[in-house]
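Student: predicted model and sequence follow; I will ask about them next.
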Amino acid sequence: MYAIVATGGKQIKVTAGDVVTVEKLDAAVGESVTFDVIFLGDGEEITVNPSDLASVKVVEQFKGEKAIVFKFKKRKGYKRLKGHRQNLTKVLITGVQSGEKPKAKKTVAKKSDAKADVVEETAVEAAEPQAAVAVETAEKKTTSRAKKTKAPEETDTESSSAAEQE
């Protein structure tokens, strides 16, 4: 089982037992922390639940490699050299767990056709609101297009009626 966790503005794919380097966390070495899980993957099945958590243990606080920032402008004598070292935390992923209880799989028994009809009707009823929204948006688009095309036609008819009156 793997999880995608978000920390420090980045998303990281982790599994239990991984050691990952992330941006600095406000936790002491040996302290346990939890990350929010974006989604869990189980090979075949992906679950998205906001109550999922990944428990981690802080292994080390350290600074990353030095990044050099050098600015200059040719033929002007302008040179600036600056270095930066990012504070980082190394964490051990101790576990990935789902916050919801596993649901029992539902099986539909085909004892009678009446039950099957009820299941089909509920599926149709669930799809109706989505279809209604799609129809409304299509109608709005066609009416706005019709308004755009009618405006020049109306001016043409007005000018032709004015020409007829003269």
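Tutor: Right, received. Where do you want to start? Numbering: from 1, shown residues only.
Student: so, low pLDDT: which residues of this structure?
Tutor: Where the chain drops to pLDDT under 70, the residues are 99-166.
Student: helices of that one, start to end?
Tutor: 113-165 (DSSP state H).
Student: quick one, domains of it?
Tutor: 2-97, 108-166 (automatic domain parsing).
Student: who touches stretch 41-53?
Tutor: 1-4, 34-40, 96-100 (C-beta atoms under 8 Å, 6 or more residues apart in numbering). From N, CA and C alone the C-beta is placed, and that goes for glycine too.
Student: out of those residues, who's nearest residue 27?
Tutor: residue 34 (10.6 Å; C-beta to C-beta).
Student: who does that closest one bridge with?
Tutor: On the basis of DSSP bridges, residue 34 is bridged to residue 55.
Student: can you give me the distance of it to residue 94?
Tutor: Applying C-beta to C-beta, to the nearest Å, the value for residue 34 to residue 94 is 10 Å.
Student: now for the two: what residues contact both?
Tutor: 55-56.
Student: returning to that earlier point: among the contacts of stretch 41-53, name the buried ones.
Tutor: Buried members of the contacts of stretch 41-53, scored by 16 or more other C-beta atoms under 10 Å, are 3-4, 35, 37, 40, 96, 98.
Student: okay, those residues in CSV with distance to residue 62 next?
Tutor: Converted to CSV, the buried ones among the contacts of stretch 41-53 look like this (distance: C-beta to C-beta, whole Å):
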residue, distance to residue 62
3, 24
4, 25
35, 19
37, 25
40, 29
96, 25
98, 32
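Student: going by distance to residue 17, which of those residues wins?
Tutor: Among the buried ones among the contacts of stretch 41-53, residue 96 lies closest to residue 17 (C-beta to C-beta), at 10.1 Å.
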